[in-house]
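Chemist: One predicted model, sequence on top.
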Amino acid sequence: MKKQNSLRDKSYAFALKAIKLCYLIQNESKEYVLSKQFLKSATSIGANVEEAIGGQSEKDFLHKISIAYKEARETHYWVRLLIDSGIINKKENLSLISDVEELLRIIGSIQKTLKSKKNKLIIS
């Protein structure tokens with residue numbers, strides 16, 4: 001359970017960072033389309049982690065954690081696009097890339113463990 005709570009905390013902290021960055025982008029750069037897409041996917045990671053933790057079954061948990069993984073992949077894309085387009089400064093926002101990559105590793109590991117456990121039950 002420690003890994004889940006760590007994931008819960010990390011995804012929440014990432015969402016807060018995303019909210020603050022989105023606010024800056026919209027107020028300083030007056031860019032709304034990409035920043036809104038980034039904000040939606042970045043905050044959805046933690047929301048789906050919370051739903052997974054409250055899941056009604058292991059299948060439900062895996063489904064919600066899989067959605068969180070997809071949202072993290074999408075967020076990774078939007079961060080790269082925001083950096084490469086020059087909307088945000090690369091040096092100042094490298095931590096966003098490493099943070100979302102860490103979330104991807106954690107969530108991916110949880111998915112892999114659950115899928116492996118599920119496959120072992122099917123084979124048994």
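Modeler: Yes, it's here.

Chemist: residue contacts, residue 64?
Modeler: With contacts defined as Cβ atoms under 8 Å, 6 or more residues apart in numbering, the neighbours of residue 64 are 48, 49, 51, 52, 55. Yep, even glycine has a C-beta here, placed from its N, CA and C like the rest.

Chemist: what does residue 45 give?
Modeler: For residue 45, the contact set (Cβ under 8 Å, 6+ apart) comprises 11, 14, 15, 68, 71, 72, 75, 103.

Chemist: cutoff 6 Å now
Modeler: With contact set as Cβ atoms under 6 Å, 6 or more residues apart in numbering, residue 45 has these partners: 11, 68, 71, 72.

Chemist: circling back: can I get the contacts of residue 64 in CSV including pLDDT?
Modeler: Written out in CSV, the entries for the contacts of residue 64 read as follows (pLDDT from 0 to 100):
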residue, pLDDT
48, 98
49, 97
51, 97
52, 96
55, 92
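
Chemist: Looking at the residues you listed, which are in helices?
Modeler: Counting by DSSP state H, the contacts of residue 64 place 48, 49, 51, 52 in helices.

Chemist: can you pick the most crowded of those residues?
Modeler: Comparing the ones in helices among the contacts of residue 64 on neighbour count, residue 49 comes out first with 28 neighbours (neighbours: other Cβ atoms under 10 Å).

Chemist: Thought residue 68 was touching that residue, still the case?
Modeler: Yes. The pair residue 49 and residue 68 passes the contact test of Cβ atoms under 6 Å, sitting 5.1 Å apart.

Chemist: tell me which residues of the one helix or strand residue 11 maps to are tucked away?
Modeler: With secondary structure defined by DSSP states H and E, residue 11 is part of helix 2-24. By neighbour count, and taking 16 or more other Cβ atoms under 10 Å as the criterion, the buried residues in helix 2-24 are 7, 10, 11, 12, 14, 15, 17, 18, 21, 22.

Chemist: For residue 44, see how far away the fifth one is.
Modeler: Taking Cβ to Cβ, to the nearest Å as the measure, residue 14 and residue 44 are separated by 11 Å.
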